[in-house]
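Visitor: Quick one, fold the following:
(2 chains)
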Amino acid sequence: MNMNSLLRNEGFRFILFAVLIMALPSILSGGYLLNVFVFVGIHTLLAVALNLLLGYAGQISLGQAAFFGLGAYASGILTATYGQNPWVSMVAVAAAVGLLAFLIGFPILKLKGHYLAMATLGFGIIVYIALNEAVDLTGGPSGLSGIPNLALGGLTFDNDLKNYYLVWGVTLATILLSLNLVNSRVGRGLRAIHDSEVAARVMGVHVRLLKVQIFALSAVISSLAGSLYAHTMTFVSPASFGFNFSVELVTMVIIGGLGSIYGSFLGAALLTLLPEMLRAFQDYDIIVYGLLLIIMTMFMPGGLVRGVPALARRLLTRSEKGRADA
Amino acid sequence: MNLIQQLSQYILSGLSTGAIYALIGVGFAIIHNATGIINFAQGEFVMLGGMLTLFFSATLKLPLLLAVVLAIVVSTIAGIVFERLAIRPLKDATPINLVIITIGGSILIRGISMLLWGKETHSLPTFSGDEPILLGEATILPQHLWIFAVTTVLIVFSKLFFSYTISGKAMRACAYNRRAAGLVGIDVRRMVLFSFAISSAMGSLAGIIIAPLTMTSYDVGVMLGLKGFCAAIIGGMSSGLGTVFGGVILGVLEALGAGLLSSGYKDAIAFVILLLILFIRPQGLFRKGESERV
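Guide: Below is the predicted model:
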């Protein structure tokens, strides 16, 4: 088997990706960048979750930060305020958030396009306001602190390196699960819904239920990401879960590539590293961000995963053509 | 203060914020009807109205009336530029693409404003004094009267425009069926451009008349835009009375909720209403017939 066909093999690609991710800390050799890559991991988890919904099923959500925030806060409150076991809390919270998404999914996902975008946005803002206002429970705008680190036996995840492996362990597992999902019968059903709901229904896809299920699944993953965030940061405040972050997540998915799991990683990595690189320019980053969103949508609608190879191919054929003409 | 007094005060202030939501909502409806797009950057034009008026009157020391006119002109140009650069070049755009691109535009406008004018909150002087006027059990500020007057004039104006002028009728034709409108010789692309120009002008005017009451800063557009969208949804995306009722209902419920329940949850009330409307009557409260969930 040559390299090219090997790269086309899904399993091989995943193993290659996992090995690279696992080897990354030795290249970064600790320090500040390692901390940034913990966030890349959490953002990848969120972007993959949103991509299942937006990229595969074609249903937009501008309220994804709400599920992330609910996961983070519920984990934080259960462990810091009520002293519950973090692992048990994490699972219970994910289940509860998934159930909530399942219930609101039925009325919300009846809507389409702009209306769906606005409804999910409205939901996100309601949750954001509640996090700010329920001061007794959440600590209000000043946030909730004293959230314990996760621990496994004698091992406490209390530094960047341990957190890196913790977060990426969960993220890689989720990526594997998502790859299996999108390449299965369910994944084909999702893509059918994306193309035409009527056609999907005619072919026997239970459109309504499948849309709600994928919405709930993406909420469960986002909630897990939230719990991980709370336990690695040991502090949460509402500012991290607002409308802007929901938009940022959509941007990650679009820039990486709709309907591409690895694209979600690319988008998450780019948008997490970019503000770090733009730190020198301080306030300019918001402009760069808006421009990036517009330019990518206009000129690279397939995202980086498809856009960059296409660009390379075009440049290559053009130079070949130039040589042939000469 | 007794309850009647309180209630009438809430309702009165609710009516005036409701009028603002209506103006912003009409801006959403005009673009949506001509193009099928929900312009997520609509709130930024509201913000531009307030900030530009402040810039022309406070920084450049121009008289208020001139500052207001210039602010509207500049926001309208911004709306036109936005349509030409971001909306028109978009080929075979999906709703998701359009959502993303208008969100990108709103972030960009917000970012530029932040760079130009900083992150502080500014206040704009009221147009004709701060002496409260007694109205039955409640008081009202002269600025509220400005808001009612401007909203009424604009709604009447847009009604006349859409019913009696050639351009207005052409835009309605585009809303009804773009292909057919094109076939009878209407320049659809020009109408789209036109709809962006009108709605950015109306949005900026809304921003100008509300700025003396609520203060203005680079990021006020997000909330105002979303409230305006709620008003448009309640009104069934009509560019006339429906949206006015939508805005007023929203404004009054919000004021009552803030006064009687909790001011912290004021903004959440609007979105609970939005969700309920979207779930139960996505075609709006005032539109009869087929429910089309598009």
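Visitor: Every contact and neighbour count from this point should use C-alpha atoms.
Guide: Fine.
Visitor: tally of neighbours for the spatially closest residue to A:Thr156 that is not a sequence neighbour?
Guide: Distances taken as CA to CA, 6 or more residues apart in numbering or on different chains put A:Leu150 closest to A:Thr156, at 6.1 Å, once the chain neighbours are dropped. A:Leu150 is flanked by 20 other residues according to other CA atoms under 10 Å in any protein chain shown.
Visitor: A:Tyr165 now?
Guide: The burial count assigned to A:Tyr165 is 17, neighbours taken as other CA under 10 Å.
Visitor: so what's it up against?
Guide: By CA atoms under 8 Å, 6 or more residues apart in numbering or on different chains, A:Tyr165 lies in contact with A:Met22.
Visitor: Could you check how far it is from chain B?
Guide: Distance check for A:Tyr165 against chain B: by CA to the nearest CA, to the nearest Å, it reads 33 Å.
Visitor: what helix or strand is that residue on?
Guide: Take DSSP states H and E as the rule and A:Tyr165 turns out to sit in helix A:160-182.
Visitor: repeat for A:Ala96
Guide: According to DSSP H and E, A:Ala96 maps onto helix A:86-108.
Visitor: Same question for the helix holding A:Tyr165: list its buried residues.
Guide: Under the neighbour-count criterion of 16 or more other CA atoms under 10 Å in any protein chain shown, helix A:160-182 has A:160-161, A:163-168, A:170-172, A:174-176, A:178-179, A:182 buried.
Visitor: which residues in the stretch 101-250 of chain B form helices?
Guide: In the stretch 101-250 of chain B, the segments counted as helices under DSSP state H, counting those that start in this stretch are B:142-164, B:166-176, B:178-183, B:188-214, B:221-234, B:241-260.
Visitor: pLDDT value on residue 250, please?
Guide: No chain was given, so I picked chain A. Confidence per residue is given as pLDDT, and for A:Val250 that number is 90.
Visitor: wait, I meant chain B there
Guide: With respect to pLDDT, B:Leu250 scores 93.
Visitor: coming back round to it: could you identify which of the helices of the stretch 101-250 of chain B is most buried?
Guide: When the helices of the stretch 101-250 of chain B are scored by mean count of other CA atoms under 10 Å in any protein chain shown, the highest mean neighbour count falls to helix B:221-234 (a mean of 27).
Visitor: What are the contacting residues of that helix?
Guide: Outside of helix B:221-234, the residues within contact range by CA under 8 Å, 6+ apart are B:20-26, B:28-29, B:40-47, B:238, B:242-248, B:250, B:270-271, B:273-274, B:277-278, B:282-286.
Visitor: List the ones among those that fall in helices.
Guide: For these, membership in helices holds for B:20-26, B:28-29, B:42-47, B:242-248, B:250, B:270-271, B:273-274, B:277-278, with DSSP state H as the criterion.
Visitor: Also within reach of chain A: list those from these.
Guide: The residues of the ones in helices among the contacts of helix B:221-234 that also fall near chain A, by CA under 8 Å from any CA of the partner chain, are B:Phe271, B:Leu274, B:Leu278.
Visitor: Against B:Gly207, how distant is B:Leu64?
Guide: Distance, B:Leu64 to B:Gly207, by CA to CA, to the nearest Å: 14 Å.
Visitor: need the contact list for A:Leu292.
Guide: Here A:Leu292 is in contact with B:Gly104 (criterion: CA under 8 Å, 6+ apart).
Visitor: Let's see that with 10 Å instead.
Guide: A:Thr251, A:Ile255, A:Ile286, A:Met298, B:Ile101, B:Gly104, B:Leu108 (CA atoms under 10 Å, 6 or more residues apart in numbering or on different chains).
Visitor: Any idea which residue of the stretch 201-326 of chain A lies closest to chain B?
Guide: Here the residue of the stretch 201-326 of chain A nearest chain B is A:Gly290; by CA to the nearest CA that distance is 4.5 Å.
Visitor: For A:His231, which non-adjacent residue is spatially closest?
Guide: A:Asn149 (4.9 Å).
Visitor: from memory that neighbour sits against A:Leu228, does it?
Guide: Yes - with contact taken as CA atoms under 10 Å, A:Asn149 and A:Leu228 are classed as touching, separated by 9.2 Å.
Visitor: ok, these two, which is more surrounded?
Guide: The neighbour comparison of A:Asn149 against A:Leu228 (other CA under 10 Å) goes to A:Leu228, with 25 against 18.
Visitor: Can you pull the poorly scored residue ranges out of the stretch 201-326 of chain A?
Guide: Judged by pLDDT under 70, the stretch 201-326 of chain A has its weakly predicted residues at A:280-282, A:320-326.
Visitor: Point out the residues in it that sit beside chain B.
Guide: Applying the criterion CA under 10 Å from any CA of the partner chain, the portion of the stretch 201-326 of chain A that neighbours chain B consists of A:243-244, A:247, A:250-251, A:254, A:283-299, A:301.
Visitor: Count the neighbours of residue 237 for me.
Guide: I'll assume chain A. 20.
Visitor: ah, I was thinking of chain B
Guide: 27.
Visitor: and the stretch 151-294 of chain B, which residues reach chain A?
Guide: Where proximity means CA under 10 Å from any CA, the interface of the stretch 151-294 of chain B facing chain A comprises B:222-223, B:226, B:229-230, B:233, B:262-280, B:282, B:292-294.
Visitor: of these, buried ones?
Guide: Here, 16+ other CA under 10 Å leaves B:222, B:226, B:229-230, B:233, B:263, B:265-275, B:277-279, B:282 buried among these.
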